[in-house]
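Peer 1: Build me a model:
(chains A and B)
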Amino acid sequence: MKKIIKYVIADILRNKIVLAYTFFLLVISLSVFSIEDNAGKGLLSLLNVILIIVPLVSIVFSTIYIYNSAEFIELLVSQPLQRKKIWISLFAGLAGSLTLAFLGGAGIPIIIYAPAATGLIMVGMGVLLSVIFVAIAMLGAVSTRDKAKGIGIAILLWLYFSLLFDGLVVFILFQFQDYPLEKPMVVISGLNPIDLGRILILLKMDISAMMGYTGAVFKDFFGTGAGFTIALLVMFCWVMVPAWLSLRKFNRKDL
Amino acid sequence: MHETFKAMIIATNVSKHFGKPVALNNVSVTCNKGECIALIGPNGSGKTTLIKSILGMVVPDNGFITFNGKNILHDWLYREFIGYMPQTGRYPENMTIGQVLDMMKDIRKKSKNRQLDEELADAFKLGSLLDKRMRTLSGGTRQKVSACLAFLFNPDVLILDEPTAGLDPVASEILKEKIISEKKKGKLVLITSHVLSELDDLVTQVIYMQDGNLIFHKSLENLRKDTGEDKLSRAIANVMMKK
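Peer 2: Predicted structure coming up:
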C-alpha cells in the first residue's frame, strides 16, 4: 500500500498544480498578514479565503485526478492487489498532498503570525476541509463514468456547500422567524462542514457577539469542551462516510 | 481426481448484464493446465467480459469463478499467477516506459521466487525506448509494452486479449514464438483473436461465443473432425454458416 501511495504522490507532484496551489495560498496569506497590522484582523480576512478556496481546489483537483488516473487504476486492478488498498492509497495520496500543500501555503504563515488558539483552529479546520472534500470528490468520481458529468457534480457540490446551503438556511430562518430556531440551527450547521468550520473558528475569535442570539446559542454549545468534541466528531464523519461509501462503490465497480 | 487437479480456472454459470444486452449468459468453462485456448466470437460476443470477469475487473451478476480451487470473489492474490495483456493497453500517460516497468516490478516484488522473464523486452528492443513517455507511443509500441508486462513475472496463466492487433509482422512473429514456448512449459494460455489463421499452430482448444452465450468448447482436433475442415478459419466459417 505504501508503494501505491508513493506513486500517487510522485504523480501529483509531477503535475505541478498542487505546487501552484501552495504558492497561491502562500502569497495570499503573507500579503494578508503584512497588510493588516493586527494578526486577528489578518486571520479574519484569511478565513473567508480559506473557506472558499480550500474546498474548491480539493474537490475539483481530486475529481479530475481520479478521472485521469482511470488507466492507472485499471492497470493496478489487474495486478495482485486488493481493490480496497488501491482506493485507500489514492485517497491517502490525494488527502496527504493537498494537506501538505495547505500546511505549506497557509499553515506555516498562520502559525508564524498568529500562533494563538485561533490560528491553530484555523489550520486544523483547513486540513479537515481539505480531507473532507477529497472524500466527497472520490464519492462523486466513482459514481459516474462520464468525466464531464463528474466534474460538473464536483462544482455543483462545492456551490451547494459554500453558497446554496447558506441561502437555504437564511430562507428557512425567514420563513420560520416566528419560531425559536436557535437550537435547530446548531444541528443544521452540522449538515455543512464549511459552516461548521466557520463557526468553530469564529467562536474562537470572540466575535460571536456579532451573530446575535443564535451566536449566543452557538457559543453555549460549541464553546464547551463537549460541544467542540461533538463538532469535531461530526467533521470526522464528513470524512469517513463519503470515503466509506466511495470504497463500497469502487469494490463493486466494473472496470 | 487427476482431472480436477489439472483444472486451473473454472467458471460456473457466470452471467453479466451491462444495461439491457446480456454480456454473458450462464457461461460455464473449465480451463486446464497446459492448454492453449482460443476464445473466438463476433464483436460484442462477451469474450473480453469473460476475461475481465476472470481477472476480477468485472464482477459477475450471477455465478462464480474459481482459480486453483478457490473462489476469486474477495480474493486478489491469485492474480499473482496471471499475466494479462489487455486489448488496448492503457497506462499512466505521463510516465515513461521504464517507469511503468519499474513500477510493476516494484508492486509485484512479493512474488520473489519467480524469476523475471525479460526475453520479450529484449526481443522487442524496448531497452532503447525506456525514456519515452507513454502518451507519445504508437499503438504497436503500447502493445509491446503490454506483452512484456504480461510475460514479465513468469505467470502460470497467460490471458492475451487480441495480442497481435497493431503489431508489425516481425513483432507478432516474436510474440507467437514466445506464446508457443510458454505453452510448452505447461502454462495455461487464453487468447482471443480475430486473425484465425495465426491461431492454427497455437491453440489446442476452441471456445466459440455468440451474444454472450457459449456455443461450444471443443478441442481443435474434434472441431476439425466435426467440420471436416483442416484450417481453423474454415472450420469456424463452417460453424457460423450452419447457425
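
Peer 1: Packing partners of the helix or strand where residue B:241 lies?
Peer 2: Element membership for residue B:241, per DSSP states H and E: helix B:232-242. In this structure, helix B:232-242 packs against strand B:205-210, helix B:220-227, with contacts taken as 3 or more C-beta pairs under 8 Å, 6 or more residues apart in numbering or on different chains; DSSP states H and E. Every C-beta, even on glycine, is put in place using the N, C-alpha and C of the backbone.

Peer 1: Format the ones you listed as JSON lines; extra columns: distance to residue A:236 and mean neighbour count.
Peer 2: Shown next, in JSON lines, are the helices and strands packed on helix B:232-242 (distance: least, C-beta to C-beta, whole Å; neighbours: other C-beta atoms under 10 Å in any protein chain shown):
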{"stretch": "strand B:205-210", "distance to residue A:236": "49", "mean neighbour count": "22"}
{"stretch": "helix B:220-227", "distance to residue A:236": "60", "mean neighbour count": "16"}
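
Peer 1: Redo the ones you listed as TSV? Include mean pLDDT.
Peer 2: What follows is the helices and strands packed on helix B:232-242, written out as TSV (pLDDT from 0 to 100):
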stretch	mean pLDDT
strand B:205-210	90
helix B:220-227	88
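
Peer 1: can you pull out the strands in chain B?
Peer 2: B:7-17, B:22-32, B:36-40, B:62-67, B:70-71, B:82-85, B:157-161, B:188-192, B:205-210, B:213-219 (DSSP state E).

Peer 1: Switch these over to a markdown table, and while doing so, append distance to residue B:48 to every line.
Peer 2: Converted to a markdown table, those look like this (distance: least, C-beta to C-beta, whole Å):
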| stretch | distance to residue B:48 |
| --- | --- |
| strand B:7-17 | 11 |
| strand B:22-32 | 9 |
| strand B:36-40 | 9 |
| strand B:62-67 | 15 |
| strand B:70-71 | 22 |
| strand B:82-85 | 11 |
| strand B:157-161 | 6 |
| strand B:188-192 | 7 |
| strand B:205-210 | 10 |
| strand B:213-219 | 14 |
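
Peer 1: For chain A, which of these is the nearest?
Peer 2: strand B:82-85 (4.9 Å; C-beta to the nearest C-beta).

Peer 1: which helices and strands sit right next to the longest helix anywhere in chain A?
Peer 2: The longest helix of chain A (DSSP state H) is helix A:39-68. Other helices and strands packing on helix A:39-68, by 3+ C-beta pairs under 8 Å, 6+ apart, are helix A:17-35, helix A:83-102, helix A:108-113, helix A:117-143, helix A:147-159, helix A:193-204.

Peer 1: Rebuild these as a markdown table, extending it with distance to chain B and mean neighbour count.
Peer 2: Formatted as a markdown table, the helices and strands packed on helix A:39-68 follow (distance: least, C-beta to the nearest C-beta, whole Å; neighbours: other C-beta atoms under 10 Å in any protein chain shown):
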| stretch | distance to chain B | mean neighbour count |
| --- | --- | --- |
| helix A:17-35 | 13 | 17 |
| helix A:83-102 | 7 | 22 |
| helix A:108-113 | 29 | 18 |
| helix A:117-143 | 14 | 23 |
| helix A:147-159 | 14 | 17 |
| helix A:193-204 | 31 | 22 |
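
Peer 1: Export those to JSON lines and append columns for mean pLDDT.
Peer 2: Output for those, formatted as JSON lines (pLDDT from 0 to 100):
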{"stretch": "helix A:17-35", "mean pLDDT": "93"}
{"stretch": "helix A:83-102", "mean pLDDT": "94"}
{"stretch": "helix A:108-113", "mean pLDDT": "92"}
{"stretch": "helix A:117-143", "mean pLDDT": "94"}
{"stretch": "helix A:147-159", "mean pLDDT": "95"}
{"stretch": "helix A:193-204", "mean pLDDT": "88"}
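
Peer 1: out of the ones you listed, nearest to residue B:65?
Peer 2: helix A:83-102 (16.0 Å; C-beta to C-beta).

Peer 1: That closest one vs helix A:17-35, what angle?
Peer 2: Between helix A:83-102 and helix A:17-35, the angle comes out at 30 degrees (axes from the mean of the first three to the mean of the last three C-alpha atoms, to 10 degrees).

Peer 1: which strands and helices sit next to helix A:83-102?
Peer 2: Short answer (3+ C-beta pairs under 8 Å, 6+ apart): helix A:83-102 packs on helix A:2-14, helix A:17-35, helix A:39-68, helix A:70-77, helix A:117-143, helix A:225-251.

Peer 1: rewinding a little: save the helices and strands packed on helix B:232-242 as JSON lines, and put in distance to residue A:43 too.
Peer 2: JSON lines is the format used below for the helices and strands packed on helix B:232-242 (distance: least, C-beta to C-beta, whole Å):
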{"stretch": "strand B:205-210", "distance to residue A:43": "66"}
{"stretch": "helix B:220-227", "distance to residue A:43": "77"}
